[in-house]
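Colleague: I would like to see how this sequence folds:
(chains A and B)
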2 protein chains.
Amino acid sequence: MEFELIARHFTRAAPGAVLGVGDDCALLAPSPGMQLAVSSDMLLEGRHFSPQDSPAGLGHKSLAVNLSDLAAMGATPRWATLAIALPAADDAWLTAFARGFFRMADQHGIELVGGDTTRGALTISITVIGEVPPSQALLREGARAGDDIWVSGVIGSAALALAYRQGRLFMEQIDAAKVLPALYLPTPRIELGIALRGVASSAIDISDGLLADLGHILERSNVGAKLEFATLPTLPVAQAYLHEPVARDCMLAGGDDYELCFTAPVSRRDAVAAAAQSAGVAVTRIGRITAEPGLAVVDANGQALHFDRTGYDHFDE
Amino acid sequence: MEFELIARHFTRAAPGAVLGVGDDCALLAPSPGMQLAVSSDMLLEGRHFSPQDSPAGLGHKSLAVNLSDLAAMGATPRWATLAIALPAADDAWLTAFARGFFRMADQHGIELVGGDTTRGALTISITVIGEVPPSQALLREGARAGDDIWVSGVIGSAALALAYRQGRLFMEQIDAAKVLPALYLPTPRIELGIALRGVASSAIDISDGLLADLGHILERSNVGAKLEFATLPTLPVAQAYLHEPVARDCMLAGGDDYELCFTAPVSRRDAVAAAAQSAGVAVTRIGRITAEPGLAVVDANGQALHFDRTGYDHFDE
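Modeller: Prediction:
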């Protein structure tokens, strides 16, 4: 049966589970004393990815965006389930998708323990479960006035790649090649999230755009923020396009970066640097949390900049 | 924003969670020493339900079918996530769906702790997490030759209702009214599953049809089975239609019953009866596990009956 054929692609030994794929439920033995971090996402063709996208890349990305939620909590990845609807049981497609999925899984020590397959428009729904010691999860609500605001890696690259792909931004092909991996092969900042336990005062991953996601921290923490546009870390190639409004927009409101945006007290700058070094990822200070609510972006002269969009909304766009 | 409007429908206090809806992940504190049972399902409009279905019923059923997987493991429901794609943010629809969903959730003590909403063809993906003491989960693999085969409640009702709805079976309206609730408002056998811990040797829930689901037990347990057709428990109203091949087919191969099919040693008949009584649900012995592989259905004279279909396959049908 086609159905069993599909299941075979996703049935692998799960030594970290008591029981993996194949019964009514997976059975898991959580580490004693740890809390669980759980997140579910749904990705739809035509909305979150295009029919032309590589299936291996899609396997990578669909798990990566879920792992990114664990990273933003400082959780250690453990187990995942995958529910997938497919228009047909295309063996080559499934082989490639599973390759991308399991490569990402192996990289971060997460095991696929269950799921569901059905016929329908391509839809991918993943639930990830991670572990974090009690009281050490990185929440959105802990930012305090005076805290530094940090981001990992570079931002805007995925949005620039999308703008290029959609013909909204002209880029030289050689430049586009440098930003496209950010869109198709994002890296969840798992090690950084874990290293920031006890260091960061709040954290979120940048999936909907810097302003929108930082906005969630501000709202939950009941504070404001001032960002310096010039300090936002970008790929060198992006600098050449920042005179274009659409490119500036990508920096502030572009989704799909999956970098971490986090806050930490000024007194913890050394600890943040040490966490970043141990995780092997650059981090950049981009502004400061303020007691007054609101989110201001200023230029090098302290002048407020204004932007139309505040981020990607999966329902409004 | 529409997006936030939707999230509001699914944001409720979750006193059983450290942190519920609203951060990158939910945070859960599993009970010390318990194992976790985890299951994910995806339901698609046009495949698992119809656009005409009541949203409150859909909220009920989409959670019920997931709870049924926990029931089949003997797990106690704890937490759920819901990822949902919707063509539009229809407030009345969402209110009704949430009402059905949360009524079912409250009935079984499961809390919605996270999820995702996006725009697209109506798609519902739920992950449930339950708890079960180590070594007490009901698996598919424990059936032994000589064990009794049992089912809870009555079977075939949901399939009869679907056959009626699809015009494949003529039923008097007054009769149809008696089977339709089985299709739209299935009852997950949570209490029975818990009561069968340490009693049943194997268990599964009947989602794809008795033969198909019992077949999974046989395959995993490396045994066979002989069923007596005349012993299969049905609603009294169904008896009047059993001369029709489609109705007999509904009994053996009809999906969506969400009753439990389980096995237990003959020596545990009293314990099974006590479990059923404590759970407030009838159970019926329908056959016996055999050492020889294969699944035979016999009539009252021991003559083998033959059937074309062996169950509902979400991919082949």
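Colleague: which stretches of chain A form strands?
Modeller: With strands called from DSSP state E, chain A shows them at A:26-28, A:35-44, A:76-86, A:111-119, A:123-132, A:148-152, A:202-205, A:224-228, A:260-264, A:283-290, A:294-298, A:304-305.
Colleague: Make TSV out of those strands and add mean pLDDT and distance to chain B.
Modeller: Every C-beta, even on glycine, is put in place using the N, C-alpha and C of the backbone. Converted to TSV, the strands of chain A look like this (pLDDT from 0 to 100; distance: least, CB to the nearest CB, whole Å):
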stretch	mean pLDDT	distance to chain B
strand A:26-28	93	4
strand A:35-44	94	4
strand A:76-86	95	4
strand A:111-119	90	5
strand A:123-132	96	4
strand A:148-152	98	14
strand A:202-205	97	6
strand A:224-228	95	18
strand A:260-264	98	10
strand A:283-290	97	18
strand A:294-298	92	16
strand A:304-305	84	23
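Colleague: Select, out of those strands, the one closest to residue B:175.
Modeller: When the strands of chain A are compared by CB to CB, strand A:111-119 sits nearest residue B:175, at 30.9 Å.
Colleague: Mind giving me the packing neighbours of that closest one?
Modeller: In terms of contacts (3 or more CB pairs under 8 Å, 6 or more residues apart in numbering or on different chains; DSSP states H and E), strand A:111-119 is packed against helix A:2-9, strand A:26-28, strand A:76-86, helix A:91-107, strand B:35-44.
Colleague: could these be laid out in CSV, adding distance to residue B:29?
Modeller: As requested, the helices and strands packed on strand A:111-119 are arranged in CSV below (distance: least, CB to CB, whole Å):
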stretch, distance to residue B:29
helix A:2-9, 32
strand A:26-28, 15
strand A:76-86, 15
helix A:91-107, 25
strand B:35-44, 12
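Colleague: Just put these in CSV and tack on mean neighbour count and distance to residue B:242.
Modeller: CSV is the format used below for these (neighbours: other CB atoms under 10 Å in any protein chain shown; distance: least, CB to CB, whole Å):
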stretch, mean neighbour count, distance to residue B:242
helix A:2-9, 16, 29
strand A:26-28, 25, 38
strand A:76-86, 25, 35
helix A:91-107, 18, 41
strand B:35-44, 26, 30
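Colleague: Could you pull up the contacting residues of the residue lying closest to residue A:200 once chain neighbours are set aside?
Modeller: The shortest distance from residue A:200 to any non-neighbouring residue, by CB to CB, 6 or more residues apart in numbering or on different chains, is to residue A:262 (4.2 Å). Contact analysis of residue A:262 by CB atoms under 8 Å, 6 or more residues apart in numbering or on different chains lists A:138, A:149, A:150, A:151, A:196, A:200, A:201, A:202, A:203, A:204.
Colleague: Name the member of those with the most neighbours.
Modeller: Highest neighbour count within the contacts of residue A:262: residue A:203, with 31 neighbours (other CB atoms under 10 Å in any protein chain shown).
Colleague: do you know how far that residue is from residue A:150?
Modeller: 9 Å (CB to CB, to the nearest Å).
Colleague: Who does the residue nearest to residue A:200 form a beta bridge with?
Modeller: residue A:150, residue A:203 (DSSP bridges).
Colleague: And stretch A:281-290, what's buried?
Modeller: For stretch A:281-290, the neighbour count (16 or more other CB atoms under 10 Å in any protein chain shown) marks A:281, A:283, A:284, A:285, A:286, A:287, A:288, A:289, A:290 as buried.
Colleague: Actually, stretch A:46-55.
Modeller: A:47, A:48, A:49, A:54, A:55.
Colleague: now those as JSON lines including distance to chain B and pLDDT?
Modeller: Output for these, formatted as JSON lines (distance: CB to the nearest CB, whole Å; pLDDT from 0 to 100):
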{"residue": "A:47", "distance to chain B": "6", "pLDDT": "82"}
{"residue": "A:48", "distance to chain B": "8", "pLDDT": "82"}
{"residue": "A:49", "distance to chain B": "12", "pLDDT": "83"}
{"residue": "A:54", "distance to chain B": "21", "pLDDT": "91"}
{"residue": "A:55", "distance to chain B": "18", "pLDDT": "94"}
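Colleague: between those, which is nearest residue A:70?
Modeller: Using CB to CB, the buried residues of stretch A:46-55 come closest to residue A:70 at residue A:48, 18.6 Å.
Colleague: Now that closest one: phi and psi?
Modeller: phi -100, psi -20 (degrees, to the nearest 10).
Colleague: From the centroid of chain A, which residue is nearest?
Modeller: residue A:258 (2.8 Å; CA atoms, centre = their mean).
Colleague: Do you know the pLDDT at that one?
Modeller: For residue A:258, the model assigns a pLDDT of 95.
Colleague: thought it was touching residue A:190?
Modeller: No. Using CB atoms under 8 Å, residue A:258 makes no contact with residue A:190, being 10.7 Å away.
Colleague: Could you list the low-pLDDT ranges of chain A?
Modeller: A:1-5, A:307-317 (pLDDT under 70).
Colleague: So chain A: which segments form each domain?
Modeller: Per the record, chain A has its domains at A:2-132, A:148-298, by automatic domain parsing.
Colleague: Take these and lay them out in TSV including distance to residue B:63.
Modeller: Listed next are the domains of chain A as TSV, based on distance: least, CB to CB, whole Å:
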stretch	distance to residue B:63
domain A:2-132	14
domain A:148-298	26
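Colleague: what's the closest of those to residue B:142?
Modeller: domain A:2-132 (10.7 Å).
Colleague: Roughly how far does the residue nearest to residue A:200 sit from residue B:95?
Modeller: Taking CB to CB, one finds residue A:262 at 36 Å from residue B:95.
Colleague: Residue A:294 now?
Modeller: 33 Å.
Colleague: Then residue A:137?
Modeller: Distance from residue A:137 to residue B:95, by CB to CB: 32 Å.
Colleague: can you tell me which of the contacts of residue A:262 lies nearest to residue A:245?
Modeller: Of those, the one sitting nearest to residue A:245 (CB to CB) turns out to be residue A:151, at 21.3 Å.
Colleague: what residues are up against the closest one?
Modeller: A:206, A:210, A:232, A:233, A:259, A:260, A:261, A:262, A:283, A:284, A:286.
Colleague: Residue A:29: neighbour count?
Modeller: With other CB under 10 Å as criterion, residue A:29 counts 15.
Colleague: Same question for residue A:198.
Modeller: Around residue A:198 there are 13 residues (other CB under 10 Å).
Colleague: wait, doesn't residue A:93 sit right on residue A:54?
Modeller: No. Applying CB under 8 Å, one finds residue A:93 not in contact with residue A:54, separated by 9.9 Å.
Colleague: Which residue ranges of the stretch 201-317 of chain A form helices?
Modeller: A:210-221, A:236-239, A:245-253, A:269-279 (DSSP state H, counting those that start in this stretch).
Colleague: quick one: contacts for residue A:35?
Modeller: A:131, A:132, A:133, A:134, A:137, B:18, B:27, B:28, B:29.
Colleague: Now the two most distant members of those.
Modeller: A:133 and B:28 (13.5 Å).
Colleague: neighbours of residue A:244, just the number please.
Modeller: That count, for residue A:244 with other CB under 10 Å as the rule, works out to 16.
Colleague: tell me the angle the helix ranked longest in chain A makes with helix A:269-279.
Modeller: Using DSSP state H to define each element, chain A has its longest helix at helix A:55-73. Inter-element angle recorded for helix A:55-73 and helix A:269-279: 150 degrees (by axes from the mean of the first three to the mean of the last three CA atoms, to 10 degrees).
Colleague: other SSEs contacting helix A:55-73?
Modeller: strand A:35-44, strand A:76-86, helix A:91-107, strand A:123-132, helix A:173-184, helix A:190-195, strand A:202-205.
Colleague: can we see that at 7 Å?
Modeller: strand A:35-44, strand A:76-86, helix A:91-107, strand A:123-132, helix A:190-195, strand A:202-205 (3 or more CB pairs under 7 Å, 6 or more residues apart in numbering or on different chains; DSSP states H and E).
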